[in-house]
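J.: 3D, please:
(2 chains)
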Number of protein chains: 2
Amino acid sequence: MRRKIRHCLLIIILLSHTALKAEDGYELWLRYSLVTDQQKLNDYRNTIKGWLVDNNSPTAQIIRKELQRALTGLLGKSVPEVKSATEGTLLIGTANAAALSSLDLKNRLKNVGPEGFVIFNTKVNNKNTLVIAANEDAGMLYGVFHFLRMLQTHQPIGKLAIESTPKTKVRILNHWDNLDRTVERGYAGFSLWDWHKLPDHIDPRYHDYARANASIGINGTVLTNVNANALILTPAYLKKVTALADLFRPYGIRVYLTARFSAPIEIGGLKTADPLDAQVQEWWKRKVAEIYKVIPDFGGFLVKANSEGQPGPQNYNRNHADGANMLADAVKPFNGIVMWRAFVYDNNVPVDRTKQAYNEFKPLDGTFRGNVMVQVKNGPLDFQPREPFHPLFGAMPSTPLMMEFQITQEYLGFATHLVYLAPLFKECLDADTHAKGKGSTVARVIDGSLENHTLSGMAGVANIGNDRNWCGHPVAQSNWYSFGRLAWDHTLSAEAIADEWVRMTFSNNVAVVSNIKNIMIASRDITVKYMTPLGLHHIMGWNHHYGPGPWIKDKPRADWTSVYYHQAEEKGIGFNRTTSGSNALEQYQSPVQQLYSDPEKCDERYLLWFHHVSWDRKMKSGRTLWDELCHQYYQGADSAKWMQQQWNTLEGQVDDAQFRFVKSLLNIQQQEAVWWRNACVLYFQTFSKKPIPPGFEKPDQTLQYYEQLEFPFAPGIRPRW
Amino acid sequence: MRRKIRHCLLIIILLSHTALKAEDGYELWLRYSLVTDQQKLNDYRNTIKGWLVDNNSPTAQIIRKELQRALTGLLGKSVPEVKSATEGTLLIGTANAAALSSLDLKNRLKNVGPEGFVIFNTKVNNKNTLVIAANEDAGMLYGVFHFLRMLQTHQPIGKLAIESTPKTKVRILNHWDNLDRTVERGYAGFSLWDWHKLPDHIDPRYHDYARANASIGINGTVLTNVNANALILTPAYLKKVTALADLFRPYGIRVYLTARFSAPIEIGGLKTADPLDAQVQEWWKRKVAEIYKVIPDFGGFLVKANSEGQPGPQNYNRNHADGANMLADAVKPFNGIVMWRAFVYDNNVPVDRTKQAYNEFKPLDGTFRGNVMVQVKNGPLDFQPREPFHPLFGAMPSTPLMMEFQITQEYLGFATHLVYLAPLFKECLDADTHAKGKGSTVARVIDGSLENHTLSGMAGVANIGNDRNWCGHPVAQSNWYSFGRLAWDHTLSAEAIADEWVRMTFSNNVAVVSNIKNIMIASRDITVKYMTPLGLHHIMGWNHHYGPGPWIKDKPRADWTSVYYHQAEEKGIGFNRTTSGSNALEQYQSPVQQLYSDPEKCDERYLLWFHHVSWDRKMKSGRTLWDELCHQYYQGADSAKWMQQQWNTLEGQVDDAQFRFVKSLLNIQQQEAVWWRNACVLYFQTFSKKPIPPGFEKPDQTLQYYEQLEFPFAPGIRPRW
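T.: This is a model prediction of the structure:
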């Protein structure tokens, strides 16, 4: 009878779970739902009969809470905290923990560094135990989340011998969040940071943000927009920042800020912000000391300088290194760092904007202080659906280069298109720069291993807002997740990351996992096809970047237009970046140049990025370029429909509210894919003068219709009344 | 054993409720938590053994869902839907419902109109039943929510004979929400309306918004800011509006929009928006027909014209009636209405801004179409913590006047101050205009009974955003709630409304109810004391209206400054609105004038509103005016501390997350109360030249300190990067 009651209770708990609330995505990948594989469940219950965290740090308190929550959910029963290792104890601690003293942890932990961890089965006092150990608090927390992920994804835990160390040191989110709570290129509501109520009111959501980041190894957050406001450095705001830093600290997360280069003028009362001016240097030193007084582990600064109107050292005829080094000197005594963005283009329109970062930064290699990293976007333009890797990777051997990925989908359908970005991230990370011969991948540049840099880092421009589900689109959570996972270990495959994310977020049912994974893995290429196939780029709507805008021209800068990039005319289309054109190709190592320089051999995915070619050119498919372009646009839109159909088969197999949410967004995506297709095909047809190939449905609107559409209130841009 | 199991299950459900989530305020006053009074619980279970909704309208479906949810929560068990009346059936239907055919409902319902309802115990088929009946769907829904409220507040339900009819017809929220999702004077996050994802994605939150409104009888919503944008009237946006209107319809809620007066120029391509121009009239007629084609029950327009820079009929030398009537003619064939705001002041600074609405509108009385209401703010200035009632009330007998209350706390501490507004609303509603002799209350003006108007209405400027708890401050929900309740029945007392709200939101524990009610009831007077005691007004911070700013002067308009309103100088302080001053008093009926005209007899709460008096003037307390002013400021700040202390006694007696949230906000409020006190006392002291009375702690900062504080990113104002 007792067992019957217990069984009943369990069902009731589960039912009430379901009955009480439809899922709203708030819990992210930390849902900790009951393990549905009965054998695994029994296994886990037998292996984890109790747990012990031999530590009393604030981080250990967080671990305790997380374990209680997670194990209760996953195992469907409360698992007790025990006082000493008995049969089936999960033992957690750092190297010096008394309960782990018999295990020669120093040796086991000698390679994992301050953030790594080990997980292994062993006997303690002759009892079977499972150990999660690390050198420091953060490693302990990461180990616990790793272990919980194994349970969430139904992995075996009987014979574990895991050693894990992050491949990059600074794994950081960049929030482009303004002090008025709008978010530049944000598509998930208002900023999380409620500056007005800080520091006195702490939104419980800040804790969940920290938990989510810690669970995937993210150890830093830049709270403010790179288009910076100096007010964040004033005492009133530093109090608010301090409250967040205090909260994030035990989660292993350091706070960073964006430094407005002209802050010494704007809030310091100085006449100049010249980085070589002694008063300016002194002002920053005092400001930095003021920050570290209240935030002793303050991470440092992220700076966008002399780019898109932001002030910088060039205003004073100094170079980027002068600017970066001044700030680096100020934070150096406190072990802070400076992340200096390479995303620059000067006010005179260059022949080819994609060349400029290289031209400006390569000559500065070797002149930066040791605590400066140059933060480089994955591609040389600006987060397009597909770009070749940035030529700076591998070109500045003496400077640690950070990766800057964009998690928020500025150019990939905002928060209404399902686009899984790990394949995009991986495409760049796995690209071979050939800087030091074959195998000199971008990943090895940015993890520091290629040139033995001590500093290394990966930044992701966050897609997080105050939407209940954090990222707007339920599946956009996977991009936050993948970014963190890849920053920890860039050797993970996009498939593997999708697999674990789907299992944690939706279901461990094999068919469901496979179905959603298929959609996710295909989604990025599908999006490229309906937006910018064959190497096209930067043909989106003006300013808000919403929807197609290949017709955009006559703007303040030529390189803010679309016609500048696609170069379509009667004979052909594409940007010639070979020796006969802008010669941007010369910025790559010679083996890379050879990959792309010959239009006959060039990977067609980059054809129009590097070449201007004839509409009649024969493609690998046997079609002409024009027919192939149409083919890709139509295939992209058709595949968007395929995604819908695939998703629809999941009804009843995933949470219903989440099912319906994604379904409605896929409907939007499909409509917008058709919009992109129609608008682009009709527009390029005005040059090619060729018919849309037979068999393809005709656009139901005219080009003029698409051209006149206006979206003054598309999200992510400067609000206006 | 079975009973034991059942008991166990119940406990588990309750525990899992608690364990699963700390309350976050999302559920508002519709928490439906288990009835804790065991006798009442037994009573309710015996009286409600099953329920039957004899109706198949979309509204009836909503009722079914609500009953399932509510009864399961309140009674701790699922109550079955039954097919016919048996013992203990809750019977719900409209007059023509077959199941209620024996009850002579036509007669019982003859006085309750389309939205009213009756609730009574009776026998059907010789079985004891409880009946909720109405003439139409909406009334049925209101009746159900009324009944559920009785259960939530532990009322007896054995001998019910309730007949309820709303006192005003249009009970409507005004959302000052912009199309970019910022909210003017909004302090609870982004706008609820996710225009970008509409119409394809329907946020489930829209349903909960509609439920909450229906539960308190709100039957209309103006989706857009009175500072209007014509784009809302374009086809793309009307599709989005239609999606919301379709969703809100079965909840009895009609959608309204703000009409930008210059829309015919901005989106219609016309050269003028002159209301007497035939083309303009035709344009509006066509636009209106276009709207009604997709939203057959569209409510109509709210218009802010010729006020604070908004375009209007005066741009064409027409008057407000000309403008309103043009729109009224357009919506008339569809039974739409126009709500024309009286909040106007012209571009030439008048002697006294509080006189202008009366001066402009009173002469127009009798010239408005029958489907126009003039919407008048509660006071003649602008939603100050305390104002006398607006002199237009009672002054336009031939025109139905709508009330405009501000629920969002623009001048009352944003979403960080606990201020229960029902006492403010009631103070105005209960004020006697004497327009038709004693008893001609403002309430009787706006409910139409004083002049037998068919149309009547009450508008509340919403305090709702996408914050998880809707209103920012947990207790700010009570202001949304009270507005709705008073719009339905203005005879309810502020105490009674607080009582039911606290019971539904926090607890039915008598001590808890009494404690929270005490805080709420006192809160508005406390706020007046630390902000604007003795009739002071409009001395807040510039533009954002955050914090004190009595020193504000030299702005584009004198009547946008503080010095214009407080008139402090060496001899005294206050705005002389008597015959020797602006004579604003003459706009009131003579008995009202007599109340205020003599400074010796004037209610001291309005003294400085109507009079300029000497610093040495003896007050009723025996103190001089200066000492009394100090006394009030200090008492206000002390009382803010008292509120904290009272609240702190509730630890463990209300949900812990909510407890801590309010606690942290009360801490902010207390600090800001001291800030207001110090800044104002120090500032006025520069005129009075008198010491702060002995016994009061000295301000810890100088006046200069307070004057230099800046808050460029205070919420609720136009965002900037």
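
J.: Show me the helices in the stretch 401-550 of chain A, by range?
T.: All helices of the stretch 401-550 of chain A, identified by DSSP state H, counting those that start in this stretch, fall at A:422-429, A:442-446, A:477-488, A:494-505, A:510-531.

J.: right, and residue A:120 touches residue A:162 too?
T.: Yes. With contact taken as C-beta atoms under 8 Å, residue A:120 and residue A:162 are classed as touching, separated by 6.9 Å. Heads up, the C-betas are built off the backbone N, CA and C, glycines and all.

J.: The two: which is more packed in?
T.: residue A:120 (16 against 13; other C-beta atoms under 10 Å in any protein chain shown).

J.: any idea how far that one is from residue A:160?
T.: Here the distance between residue A:120 and residue A:160 works out to 5 Å (C-beta to C-beta, to the nearest Å).

J.: With residue A:99 instead?
T.: Looking at residue A:99 against residue A:160, where the rule is C-beta to C-beta, the gap reads 18 Å.

J.: These two: who's more crowded?
T.: More crowded of residue A:99 and residue A:160, by other C-beta under 10 Å: residue A:99, with 22 against 18.

J.: Around the closest residue to the more buried one other than its chain neighbours, how many other residues sit close by?
T.: With C-beta to C-beta, 6 or more residues apart in numbering or on different chains as the criterion, residue A:99 has its nearest non-adjacent residue at 4.1 Å, and that residue is residue A:54. As a burial measure, residue A:54 scores 19 neighbours (other C-beta under 10 Å).

J.: what are the phi and psi values for residue A:54?
T.: Comment: the main-chain dihedrals of residue A:54 come out as phi -90, psi 70, following degrees, to the nearest 10.

J.: Wait, it touches residue A:97, no?
T.: Yes. Here residue A:54 lies in contact with residue A:97, judged by C-beta under 8 Å, at a distance of 3.7 Å.

J.: Pull up the per-residue confidence for the closest residue to chain B within the stretch 501-650 of chain A.
T.: Checking the stretch 501-650 of chain A residue by residue against chain B with C-beta to the nearest C-beta singles out residue A:546 as nearest, at 8.4 Å. At residue A:546, the model reports a pLDDT of 98.

J.: Which element, helix or strand, includes the closest residue to it other than its chain neighbours?
T.: With C-beta to C-beta, 6+ apart as the measure, residue A:714 is the residue that lies nearest to residue A:546, at 4.0 Å, once sequence neighbours are left out. Take DSSP states H and E as the rule and residue A:714 turns out to sit in neither a helix nor a strand.

J.: Ok, residue A:132 next?
T.: Following DSSP H and E, one finds residue A:132 within strand A:127-134.

J.: Overlap in contacts, residue A:120 and residue A:160.
T.: residue A:130 (C-beta atoms under 8 Å, 6 or more residues apart in numbering or on different chains).

J.: which non-adjacent residue is nearest residue A:507?
T.: Counting by C-beta to C-beta, 6+ apart, residue A:507 lies nearest to residue A:654, which is 5.7 Å off, once chain neighbours are set aside.

J.: That neighbour contacts residue A:511, correct?
T.: No. Here residue A:654 lies out of contact with residue A:511, judged by C-beta under 8 Å, at a distance of 11.3 Å.

J.: just to revisit the earlier point, for the residue nearest to residue A:546, list the residues it contacts.
T.: Contact analysis of residue A:714 by C-beta under 8 Å, 6+ apart lists A:414, A:541, A:544-546, B:196.

J.: cool, residue A:501 as well?
T.: Listed by C-beta under 8 Å, 6+ apart, the contact set of residue A:501 reads A:29, A:477-478, A:481-482.

J.: List buried residues within those residues.
T.: Applying a neighbour-count criterion of 16 or more other C-beta atoms under 10 Å in any protein chain shown, the buried members of the contacts of residue A:501 are A:29, A:477-478, A:481-482.

J.: okay if I get these as TSV plus distance to residue A:49 and pLDDT?
T.: Conversion of these to TSV gives the following (distance: C-beta to C-beta, whole Å; pLDDT from 0 to 100):
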residue	distance to residue A:49	pLDDT
A:29	26	98
A:477	33	98
A:478	34	98
A:481	30	99
A:482	34	98
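
J.: Contacts only, for the nearest residue to residue A:577 once chain neighbours are set aside.
T.: Nearest in space to residue A:577, with sequence neighbours left out and distances taken as C-beta to C-beta, 6+ apart, is residue A:584 at 4.0 Å. Remark: with contacts taken as C-beta under 8 Å, 6+ apart, residue A:584 is in contact with A:352, A:354-355, A:380, A:391, A:577, A:610.

J.: separation between residue A:584 and residue A:576?
T.: As for residue A:584, its distance to residue A:576 is 9 Å (criterion: C-beta to C-beta).

J.: cool, and residue A:668?
T.: For residue A:668, the distance to residue A:576 (C-beta to C-beta) stands at 36 Å.

J.: just residue A:667 next, same as before
T.: Residue A:667 sits 39 Å away from residue A:576 when distances are taken as C-beta to C-beta.

J.: higher neighbour count, these two?
T.: In terms of neighbours (other C-beta under 10 Å), residue A:576 is the more surrounded of residue A:667 and residue A:576; the figures are 20 against 17.
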